[in-house]
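Student: The sequence and its predicted three-dimensional model are supplied below.
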Amino acid sequence: MQGKKNYQEKLFTSFKLSDRVSKENFYRRLKEVLDLDFLYPLTNKFYGQSGQKSIDPVVFFKICLVGYLENITTDRGLMDHCSMRMDILYFLDYDIDEPLPWHSTISRTRQLFPEDIFEEVFTRVLKLCIEAGLVSGHTQAIDSAPVKANASMDSLEIKVPADELEEHLSKVRVQSSRDRKAKENKAPKEQQEITASKKELREIKSRNKRWSEDQDMRPGAKNKGSRYTSNKTHYSPTDPDSRISVKPGKARKLNYLCNISVDTGGHVITDVQAYHADKKDNQYLQDTVARLNRRLRKEGMIWEHLLADTGYSSGENYAYLEARGIKSYIPPH
């Protein structure tokens, strides 16, 4: 006899979330080995002694981890995703009928904790990986990737010289009518002041003239109104830490530069840092090496080999690594 399933709500039900999440499930296995109880004394100073209870700091960092593992970049999308997954609810210690925190709570909590708290969490988790035998330590691979900033190129402002703005505008370029001003300027005063030399300003003026002739004055041009932008003469008032960067064949964008090192033994990330995107990879290598070397030595590990692409090659970097006894495998330009 053919069956037909009809859904009908029950007034009462007996349900255990732990029975529905299999023993082999990734988040169940992760929950068994990931101990974040050190967060309670670490973050206690950021909370008052009265008022409503905040989100559990362990739950907050677990939600951040889920966002990384599931490749979800928005807090609203992350909380919607968590609410639909029984294994993630079990990982977060929430029952199936228990409401999760609002996405705005996640955003505010992220702004509450300073950078050193996130650094401490990263170090503690890395230590757990080392204790589990997932990190060999002797060989590290380093690479970088641009990370798009949450800011538009249309919101760029012109850097102002110390004397007067109008004189600068007449020397550099005529401001396009399509420029949009930001509602709030978050950039510090030193970033709003122009740092380009007179020679660089003349070169930028020449580029803008060519762009105007090639793009603005050409009927039907798709890039009509395009302009040449530079970190020397422009800044983002909405995201002052972002920088204009470009790769061959790519359009100019406001980006960060994310530098990551990975242990080749178990592919565990051993260091990650966001830098300004207006410099080359080789200019950040020594800072990454110094920070990573301290972290590995603190855990009793000896770093011997470094792997990186040509972007990290320079005579200064080769000498720096040699002086510290690290054998580099970086092809020269």
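Tutor: Now that the structure is in, tell me what you want to look at. Numbers count the residues shown, from 1 in each chain.
Student: Not counting its neighbours along the chain, what's nearest Pro146?
Tutor: Excluding the flanking residues, the one nearest Pro146 by C-beta to C-beta, 6 or more residues apart in numbering is Asn255, at 4.2 Å. C-beta: built from backbone N, CA, C; applies to glycine.
Student: so that neighbour is in which element?
Tutor: strand 253-263 (DSSP states H and E).
Student: Next secondary structure after that strand?
Tutor: Following strand 253-263 toward the C-terminus (DSSP H and E): strand 268-276.
Student: in its sheet, what does that following strand sit against?
Tutor: Under the criterion DSSP bridges, strand 268-276 sits next to strand 253-263 (antiparallel) in its sheet.
Student: Buried residues in the partner strand, which are they?
Tutor: If you call a residue buried by 16 or more other C-beta atoms under 10 Å, then strand 253-263 has these buried ones: 253-257, 259, 261-263.
Student: Kindly export it (C-alpha atoms) in PDB.
Tutor: C-alpha atoms of strand 253-263 as PDB (Å, rounded to 0.1, in the frame of the first residue of the first chain):
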ATOM      1  CA  LYS A 253      39.800  48.400  -5.100                       C
ATOM      2  CA  LEU A 254      39.900  49.300  -1.500                       C
ATOM      3  CA  ASN A 255      41.500  46.300   0.200                       C
ATOM      4  CA  TYR A 256      43.400  44.900   3.200                       C
ATOM      5  CA  LEU A 257      46.300  42.600   2.800                       C
ATOM      6  CA  CYS A 258      45.900  39.300   4.800                       C
ATOM      7  CA  ASN A 259      49.200  37.500   5.400                       C
ATOM      8  CA  ILE A 260      48.900  33.900   6.500                       C
ATOM      9  CA  SER A 261      51.400  31.200   7.500                       C
ATOM     10  CA  VAL A 262      50.500  27.500   7.500                       C
ATOM     11  CA  ASP A 263      52.400  24.600   9.000                       C
END
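Student: So for that strand, mean pLDDT?
Tutor: Regarding strand 253-263, the rounded mean pLDDT is 93.
Student: for stretch 23-36, same thing?
Tutor: If you average the pLDDT values across stretch 23-36, you get 93.
Student: Can you list the neighbours in contact with it?
Tutor: For stretch 23-36, the external contacting residues (C-beta atoms under 8 Å, 6 or more residues apart in numbering) are 21-22, 58, 61-62, 87-88, 90-91, 121, 124-125, 128, 132.
Student: How about stretch 326-333?
Tutor: 289, 293, 303-310, 312-313, 317-318, 321-322.
Student: who wins for neighbours among these?
Tutor: The most crowded member of the contacts of stretch 326-333, judged by other C-beta atoms under 10 Å, is Tyr312 (26 neighbours).
Student: mind listing what it touches?
Tutor: Tyr312 neighbours (C-beta under 8 Å, 6+ apart): 142, 281-282, 285, 330.
Student: Tell me which of those residues fall in strands.
Tutor: Ile142 (DSSP state E).
Student: one step back: which one of the contacts of stretch 326-333 sits closest to Gly77?
Tutor: Here the nearest of these to Gly77, counting by C-beta to C-beta, is Asp309; it sits at 32.6 Å.
Student: And Thr233, how far from Leu17?
Tutor: Per C-beta to C-beta, to the nearest Å, Thr233 is found 57 Å from Leu17.
Student: And those two? Which one has more around it.
Tutor: Neighbour count, other C-beta under 10 Å: between Thr233 and Leu17, Thr233 has more, with 23 against 16.
Student: So the more buried one is in contact with Glu157, correct?
Tutor: No. Applying C-beta atoms under 8 Å, one finds Thr233 not in contact with Glu157, separated by 9.9 Å.
Student: For stretch 299-316, what does the pLDDT average out to?
Tutor: Here the average pLDDT along stretch 299-316 is 93.
Student: Repeat that for stretch 58-74.
Tutor: pLDDT averaged over stretch 58-74 gives 93.
Student: returning to that earlier point: let's have the contacts of Tyr312 in a markdown table, adding pLDDT and neighbour count.
Tutor: Listed next are the contacts of Tyr312 as a markdown table, based on pLDDT from 0 to 100; neighbours: other C-beta atoms under 10 Å:
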| residue | pLDDT | neighbour count |
| --- | --- | --- |
| Ile142 | 96 | 24 |
| Asp281 | 92 | 21 |
| Asn282 | 93 | 18 |
| Leu285 | 95 | 25 |
| Ile330 | 94 | 19 |
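Student: I'd like the contacts of Tyr312 laid out as a markdown table, including distance to Ala149.
Tutor: Compiled in a markdown table, those are given as follows (distance: C-beta to C-beta, whole Å):
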| residue | distance to Ala149 |
| --- | --- |
| Ile142 | 22 |
| Asp281 | 18 |
| Asn282 | 22 |
| Leu285 | 23 |
| Ile330 | 28 |
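Student: Could you count how many residues lie near the closest residue to Asp309 other than its chain neighbours?
Tutor: Excluding the flanking residues, the one nearest Asp309 by C-beta to C-beta, 6+ apart is Asp143, at 6.5 Å. Using other C-beta under 10 Å, Asp143 has 15 other residues around it.
Student: Many thanks, I have nothing further to ask.
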